[in-house]
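Colleague: 3D model of this:
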Amino acid sequence: MDKLFHMIGNDKRALILDQFLLPFNLHRYENYFNDHIKVVVVERDPRDVFLLNKYVHIASGESVPYPTDVVHFASTTNGCVKAKNFSIIQIFCA
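Modeller: Have a look, this model is predicted:
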């Protein structure tokens, strides 16, 4: 990724990427970036995410990355919590 940013002339400035990696895959950022990367994760209440996916995004024809079955969703989000890297700054918002 550093080579790509250098090619587009963005090797010295800040670059903000939205949803580049899902929060439970953040350990992978080390494969793509040098030591100068800063990661900020803004997490939403899982209940809010479930309701939006099930009743808003699906209804409008959008695809969603999480299950819309409540039991499957709960097991998926519990697995994500266990896989977290707690050395990364996280911001929780409702």
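Colleague: All the strands of this protein, in order from the start?
Modeller: 40-44, 89-93 (DSSP state E).
Colleague: which stretch in the ones you listed has the least confidence?
Modeller: The minimum mean pLDDT among these belongs to strand 89-93 (a mean of 55).
Colleague: which stretches of the chain aren't confidently modelled?
Modeller: 1-2, 10-13, 24, 34-35, 78-94 (pLDDT under 70).
Colleague: what about 50?
Modeller: Scanning the chain for pLDDT under 50 picks out no residues.
Colleague: quick one: the residue most central in space within the chain and residue 33, what's the gap?
Modeller: Nearest residue to the geometric centre of the chain (C-alpha atoms, centre = their mean): residue 22, 2.8 Å. Per C-beta to C-beta, to the nearest Å, residue 22 is found 16 Å from residue 33. C-beta: built from backbone N, CA, C; applies to glycine.
Colleague: again with residue 59
Modeller: In terms of C-beta to C-beta, residue 59 sits 37 Å off from residue 33.
Colleague: higher neighbour count, these two?
Modeller: Neighbour comparison, residue 59 and residue 33: the larger count goes to residue 33, with 15 against 8 (by other C-beta atoms under 10 Å).
Colleague: do you know how far the more buried one is from residue 3?
Modeller: From residue 33 to residue 3 the distance is 11 Å (C-beta to C-beta).
Colleague: With residue 22 instead?
Modeller: Counting by C-beta to C-beta - residue 22 and residue 3 are separated by 24 Å.
Colleague: what do you get for residue 65?
Modeller: 28 Å.
Colleague: got it, and residue 37?
Modeller: On the measure of C-beta to C-beta, residue 37 and residue 3 end up 15 Å apart.
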